[in-house]
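Novice: pasting the sequence and the predicted coordinates here, then a few questions.
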Amino acid sequence: MVGDTAWGIKEKKNRIDLVDEWSDITELPYVHGIWAARDGNLTIAEMNSIIESARQGVKHLEHLTSEINRSFFEHFQYDLDDKTLSGLSEFFHMAYCHGILKDIPDVKLHTLNETPSPSTISPN
């Protein structure tokens, strides 16, 4: 279980923390979620809107979460860096190896300029 549901199961003896387990196995960040869109389906204005919404969310985190959840969300990272992209790539690789995904997706990062980003998640 994740999210608010997980907060209520502390009395259960047979439970694991997926983020801790992921970190122990891979030594990579656990990616909780990403914005995704097909290539060419977002305008620069829409991408800027998503980025600004994320920035405002982080800036006003104390107003958007309960006090008990605030300390949890303050430890999140809200930007993609090379290590986080490696964690996402590893997730896709493991999901493929365990039969959850039929293919390892080729993920390209959207850019705010007309030149395609050289940063991609490759199936290595």
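Specialist: Arrived safely, thanks for sending. Numbers count the residues shown, from 1 in each chain.
Novice: count of residues packed around Leu42?
Specialist: 15 (other Cβ atoms under 10 Å). C-betas here are computed from N, CA, C, even on glycine.
Novice: just to check, Phe91 is in contact with His32?
Specialist: No. Contact criterion Cβ atoms under 8 Å: Phe91 and His32 do not qualify, at 10.8 Å.
Novice: neighbour count: the two, which is higher?
Specialist: The residue with more neighbours, out of Phe91 and His32, is Phe91; 18 against 12, by other Cβ under 10 Å.
Novice: so who does the residue nearest to that one when sequence neighbours are not counted touch?
Specialist: Nearest non-adjacent residue to Phe91, counting by Cβ to Cβ, 6 or more residues apart in numbering: Val31, 6.4 Å away. Val31 is in contact with 84, 87-88, 91, counting by Cβ atoms under 8 Å, 6 or more residues apart in numbering.
Novice: got a markdown table for those residues, with distance to Ile100 too?
Specialist: Compiled in a markdown table, the contacts of Val31 are given as follows (distance: Cβ to Cβ, whole Å):
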| residue | distance to Ile100 |
| --- | --- |
| Thr84 | 20 |
| Gly87 | 16 |
| Leu88 | 14 |
| Phe91 | 10 |
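Novice: out of those residues, which is most surrounded?
Specialist: Neighbour counts for the contacts of Val31 (other Cβ under 10 Å) peak at Gly87, which has 20 neighbours.
Novice: and the host helix or strand of that one, what does it pack against?
Specialist: Assigned by DSSP states H and E, Gly87 belongs to helix 82-97. Secondary-structure packing of helix 82-97 (3 or more Cβ pairs under 8 Å, 6 or more residues apart in numbering; DSSP states H and E): helix 18-26, strand 120-121.
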